[in-house]
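Would you be able to build a 3D model of this:
(one chain, ligands or ions: 3)
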Amino acid sequence: MIKRILAAVVGLAVVGGLGFLWYAWYPALPKVALPKSGQFSAAQIERGRIVAAQGYCAECHTRQDLGGGPTLAGDYAMQSPFGTIYSPNITPDPETGIGGWSEEALARAMKLGVSRSGAHLLPAFVYDHFTKMTDSDISDLYAWLMTQPAVHMTHRENTFPLSITPRIVLAGWKMLFFRPGDFKPDPNHDAQWNRGAYLAEGASHCGSCHTPRNLLGAEKSGSRYDGAVVDGWIAPPLNEHNPTPVVWTEDELFAYLRYGVAPLHGPAGGPMSPVPHQFLSQIPESDVRAIAHYFADIDHAAQRVSGDKAALELAMQQSKRDLLGPTTDADATLYQGACAACHYNAAPSPVLGRPELALNSALWLDEPNDLFMVMLRGLTAPEGQSGVAMPSFYNALSDHDMARIAAYLRRTRTTRPPWTDLEKKAAEARKLVEIPPVNSSH
Ligand code: HEC
Ligand code: HEC
Ligand code: HEC
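Ligands and ions are numbered 1, 2, ... in the order given. Below is the predicted model of the structure:
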């Protein structure tokens, strides 16, 4: 009897194992000759350029430390608590890049997260989003990639364990969390909404930063766009949980995503900055409008916008009160000395390039990450509103001072509960800002 059970268990395990192998195994696709120049029309290459900008390929496939590297040649360092992943070269170099890849191989990588060799790819290459891209977009993308300058360059050795261990392990992750498949338009919404949803969920992968992840690094499907921590910053919620007192309307979203600064909410800093400046400013305006249209629906802007006028007035009053001169509140004095000269606004609304802090998410989020990151790093001229910069206070303010300013702003400009352990959190943020930026306007 026991023997029979054992045999059954072993049998099941074998069948299960074979099933897993069947799921996990992909053949290598043959190397092909580099497509001849002239094979693609100029119009197709131009469409592909737009798709690449929609997907920020150059952001993650271009080295940024060590003084930068050639565009698309890889070696961009992605940090994780377990080690670093360096992105591969995706220029058409036949040896070190994807010059030997067929269109089929690129499509398989984008839609299924499998390299030409058959190896599973890490989800750091956001194929959980790219899988939603249409075949024709991928075909255009191929035309553009194959006509970019080939660069012979290999990336540094990964130190992330799962990129070194047999990659078949990654198939287990995919089995649990990866649902490949095309974008499904929602018939309850119009074409513009669906275009926005297609880009946001697919190529432009907004959720990869704005949706929290579980312990195994997969986006939590029940918490879509609830906000998440990225490189020490909080990518704020993009749904109705966004805490700012004025609502992200379609126009505010459009300005932010197209130009990197929203008239009421302020600038796109840190990891968000390249999204508008390097990419969404380079695609058709109607696409950016569509993304804004989609998120204005996701955050229910129309239902919430009625409170905006009162919130704006309150913010302006507070801004004015702060400039009325000496006060007995030592925190207010500290704030006036360090910040108010640039962040003062008069009614009726803030001046572009001089963010009204009472309206900025940095003060309203559950944690002070973004406020500390901005104080420590400052904002460089290419971030936020182009040409406008905020100096770094890395050397000018101690953790204690930063904590006091944060507590003061939270207390006087929001209706949210006070932040806790501010000095400790300021010290933690400081550790993430490794090289204190130079205190200058450039
Ligand atoms: C968020 C960062 C990120 C973005 C954005 C990104 N990639 Fe990647 N990509 C990676 C990483 C990291 C890898 C390597 C994964 C691994 O080692 O398993 C990768 C792998 C690849 C590969 C597989 C290469 C190989 O040799 O196996 C291709 C092809 C690729 N990316 C193309 C693209 C294209 C095209 C875009 C734009 C549409 C893009 N990537 C956008 C991070 C990114
Ligand atoms: C690489 C990570 C990353 C990606 C990709 C990304 N974001 Fe962000 N986003 C952030 C971070 C970090 C912030 C906070 C920036 C700041 O405080 O200046 C942010 C801020 C924002 C804000 C301002 C929210 C607020 O309340 O202040 C909006 C709106 C936004 N992102 C929309 C988008 C959309 C739409 C997309 C996709 C088209 C997107 N983001 C893609 C990281 C990202
Ligand atoms: C010399 C002028 C100046 C001073 C002083 C200054 N700021 Fe700023 N700050 C700016 C400008 C300009 C921007 C917008 C930059 C942009 O659009 O790129 C900004 C942006 C911000 C933002 C919005 C960041 C985002 O990503 O949304 C916050 C928060 C902020 N400042 C906080 C502070 C605090 C706190 C202090 C005092 C410790 C301070 N600032 C002092 C000029 C200044």
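
How much space separates residue 307 from ligand 1?
For residue 307, the distance to ligand 1 equals 36 Å [Cβ to the nearest ligand atom, to the nearest Å]. (C-beta placed from N, C-alpha, C; glycine too.)

Can you tell me the element residue 21 falls in?
Here residue 21, judged by DSSP states H and E, is contained in helix 2-24.

The helix or strand following that helix and ligand 2, any residue contact?
Note on helix 2-24: by DSSP H and E, the next helix or strand toward the C-terminus is helix 42-54. No. For helix 42-54, no contact with ligand 2 is found by Cβ under 6 Å from any ligand atom; the gap never falls below 8.6 Å.

after helix 42-54 comes which helix or strand?
Next element after helix 42-54 (DSSP H and E): helix 57-60.

Check which residues of the next helix or strand after that following helix are buried.
Per DSSP H and E, the first helix or strand lying C-terminal to helix 57-60 is strand 77-80. Of all the residues in strand 77-80, those buried under the rule 16 or more other Cβ atoms under 10 Å are 77-78.

what is the rounded mean pLDDT of the helix holding residue 21?
Averaged over helix 2-24, pLDDT sits at 68.

cool, and stretch 100-115?
The model assigns stretch 100-115 a mean pLDDT of 98.

can you pull the buried residues of that stretch?
Result for stretch 100-115 [16+ other Cβ under 10 Å]: buried residues 100-103, 105-115.

Keep only those residues that also lie close to ligand 1.
Among these, the residues that sit close to ligand 1 (Cβ under 6 Å from any ligand atom) are 106, 109, 115.

now, which of these sits nearest residue 361?
residue 109 (34.9 Å; Cβ to Cβ).

right, and that closest one touches residue 117 too?
No. Using Cβ atoms under 8 Å, residue 109 makes no contact with residue 117, being 10.4 Å away.

Nearest to ligand 3: which residue in this structure?
residue 384 (2.3 Å; Cβ to the nearest ligand atom).

Can you pull the residues of the stretch 201-350 of the chain lying near ligand 2?
204-206, 208-210, 230, 233, 235-236, 238, 242, 244, 248, 253, 256-257, 265, 267-272, 275, 291, 295.

Tell me where the stretch 101-250 of the chain has helices.
103-112, 127-130, 135-146, 169-177, 191-201, 207-210, 250-259 (DSSP state H, counting those that start in this stretch).

before we move on, back to that, let's have the ones next to ligand 1 among the buried residues of stretch 100-115 in CSV, adding distance to ligand 2.
Output for these, formatted as CSV (distance: Cβ to the nearest ligand atom, whole Å):
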residue, distance to ligand 2
106, 21
109, 19
115, 23
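
which SSE is residue 405 in?
With DSSP H and E as the criterion, residue 405 is inside helix 399-413.

can you pull the buried residues of that helix?
Buried-residue list, helix 399-413, by 16+ other Cβ under 10 Å: 399, 401-410, 412-413.

The next helix-or-strand element following that helix: how far from the chain's middle?
Next along the chain after helix 399-413, taking DSSP H and E as the criterion, comes helix 422-432. The chain centroid and the centroid of helix 422-432 are separated by 22 Å, computed with Cα atoms, centre = their mean, to the nearest Å.

May I have helix 422-432 as PDB, with CA atoms only?
What follows is helix 422-432 as a C-alpha-only set of coordinates in PDB (Å, rounded to 0.1, in the frame of the first residue of the first chain):
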ATOM      1  CA  LEU A 422      11.700  62.400  11.300                       C
ATOM      2  CA  GLU A 423      15.300  62.800  12.300                       C
ATOM      3  CA  LYS A 424      16.000  59.100  11.800                       C
ATOM      4  CA  LYS A 425      14.300  59.200   8.400                       C
ATOM      5  CA  ALA A 426      16.300  62.300   7.400                       C
ATOM      6  CA  ALA A 427      19.500  60.400   8.200                       C
ATOM      7  CA  GLU A 428      18.300  57.400   6.100                       C
ATOM      8  CA  ALA A 429      17.500  59.600   3.200                       C
ATOM      9  CA  ARG A 430      20.900  61.200   3.500                       C
ATOM     10  CA  LYS A 431      22.600  57.800   3.100                       C
ATOM     11  CA  LEU A 432      20.900  57.300  -0.300                       C
END
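
What helices and strands are in contact with it?
Secondary-structure packing of helix 422-432 (3 or more Cβ pairs under 8 Å, 6 or more residues apart in numbering; DSSP states H and E): helix 369-377, helix 399-413.

quick one: it to helix 369-377, angle?
60 degrees (axes from the mean of the first three to the mean of the last three Cα atoms, to 10 degrees).

So what angle separates the directions of helix 422-432 and helix 399-413?
Using the same axes, to 10 degrees: helix 422-432 against helix 399-413 is 120 degrees.

which other helices and strands contact the helix holding residue 405?
Helix 399-413 packs on helix 308-321, helix 330-335, helix 361-364, helix 369-377, helix 422-432, going by 3+ Cβ pairs under 8 Å, 6+ apart.

Would you format those as JSON lines with mean pLDDT and mean neighbour count included?
Converted to JSON lines, these look like this (pLDDT from 0 to 100; neighbours: other Cβ atoms under 10 Å):
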{"stretch": "helix 308-321", "mean pLDDT": "88", "mean neighbour count": "16"}
{"stretch": "helix 330-335", "mean pLDDT": "92", "mean neighbour count": "16"}
{"stretch": "helix 361-364", "mean pLDDT": "98", "mean neighbour count": "22"}
{"stretch": "helix 369-377", "mean pLDDT": "98", "mean neighbour count": "25"}
{"stretch": "helix 422-432", "mean pLDDT": "97", "mean neighbour count": "17"}
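
can you tell me which of these comes nearest to residue 89?
Closest among the helices and strands packed on helix 399-413, using Cβ to Cβ: helix 422-432, at 28.2 Å.

Turn the helices and strands packed on helix 422-432 into CSV, including distance to ligand 2.
Shown next, in CSV, are the helices and strands packed on helix 422-432 (distance: least, Cβ to the nearest ligand atom, whole Å):
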stretch, distance to ligand 2
helix 369-377, 4
helix 399-413, 14
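
Residue 85: which of those helices is closest?
Here helix 369-377 is closest among the helices and strands packed on helix 422-432 (Cβ to Cβ), at 22.6 Å.
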